[in-house]
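Chemist: Quick one: sequence plus predicted model below, questions after.
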Amino acid sequence: MMRTSIMGILNVTPDSFSDGGKYLDPDRAVEQAKKMVEEGADMIDVGGESSRPGSVRISAEEECSRIMPVIRALKKGINVPISVDTYKSEVASMVLSEGVSVINDITALHGDENMAQVISNFDAGVILMHMKGEPGTMQDAPYYDDIMREIVLYLGESISIAEHAGISPDKIVVDPGIGFGKGVDHNLTILKNLNDLGQLNKPVLVGVSRKSFIGALTDKEADKRVFGTAAGVAAAVLRGADIIRVHDVGAMKDVASVVDAIKKHNG
């Protein structure tokens, strides 16, 4: 059994729900990325546009102006793969040309008809995330008849789009999209039934870090949700997550290491 991989979150935004505005400066961003790598991050995920509930979309030009200086600085400052959280093919093309390895697309290739081909042209990887609706309105009473079935069908369609465009099948990761068009009960159902995603035959990434459902369950603000996040990470790894996307890399690497050891113990 492979150990769980750790993706460190680096938001280069003024308005992300947890750390907006902290790492807009490239020097501070590199410093934070180096810290996460030292704590055990296997990859750094850079985001230039907030996708929190109620967030406002920005142009590709503005997104690039935020992230390109950081990407260039990171390429010189760290030696782990970099992914970029974007759903715009113009942004993807820019960052992939700078040596980014993976595009983390919250629309799972449904948001920009050119995205799959851009990723394929660069022989890059892609993370396909399930989202119902769009960030501005996704938390307005989301409803599902059968949430796990709907997620599997949606991501299965995205995998087909990716592979048809020529993206290497072994460079595709799926993400059930905790908190993206889901209420508290939906998120708990996903974590409890995460192994249903095994039928897609792709590595599974889960992002529970500091999410609002943890706040609802613990009555804690975003920066006080480390223990709630740890519980969510433990549940995700136990149920089959291959990659966890987190803010608190050191603490969550410890959680994943212990759960990995439990899973492979033969006693």
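Modeler: Sure, I can see it. Numbering: from 1, shown residues only.
Chemist: all strands of this protein, in order?
Modeler: Listed in chain order, the strands of the chain (DSSP state E) span 5-11, 43-47, 82-85, 102-105, 125-129, 172-175, 205-206, 243-246.
Chemist: With respect to T189, which of those lies nearest?
Modeler: strand 205-206 (13.4 Å; Cβ to Cβ). The C-beta positions use only the backbone N, C-alpha and C, and glycine is treated the same way.
Chemist: Can you tell me the strand partners of that closest one and which way each runs?
Modeler: Applying DSSP bridges to the sheet, strand 205-206 is found paired with strand 243-246 (parallel).
Chemist: Mind checking the pLDDT average for the partner strand?
Modeler: Taken as a whole, strand 243-246 carries a mean pLDDT of 98.
Chemist: hmm, back to that, CSV for the strands of the chain, including distance to I190 and mean neighbour count?
Modeler: Formatted as CSV, these follow (distance: least, Cβ to Cβ, whole Å; neighbours: other Cβ atoms under 10 Å):
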stretch, distance to I190, mean neighbour count
strand 5-11, 18, 25
strand 43-47, 20, 23
strand 82-85, 19, 25
strand 102-105, 18, 26
strand 125-129, 12, 27
strand 172-175, 10, 24
strand 205-206, 8, 26
strand 243-246, 14, 26
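Chemist: can you put those strands in CSV and add distance to L96?
Modeler: Below are the strands of the chain laid out as CSV (distance: least, Cβ to Cβ, whole Å):
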stretch, distance to L96
strand 5-11, 17
strand 43-47, 13
strand 82-85, 8
strand 102-105, 7
strand 125-129, 10
strand 172-175, 16
strand 205-206, 19
strand 243-246, 20
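Chemist: Report pLDDT for G136.
Modeler: Listed pLDDT for G136 reads 65.
Chemist: Give me the number of neighbouring residues for K264.
Modeler: 10 (other Cβ atoms under 10 Å).
Chemist: what about stretch 208-215, distance to the chain center?
Modeler: Centroid separation for stretch 208-215 versus its chain: 14 Å, with Cα atoms, centre = their mean, to the nearest Å.
Chemist: tell me how far the ends of that stretch are from each other?
Modeler: 11 Å (Cα to Cα, to the nearest Å).
Chemist: Which parts of the stretch 1-150 of the chain are helices?
Modeler: 26-38, 60-77, 89-97, 115-121, 147-164 (DSSP state H, counting those that start in this stretch).
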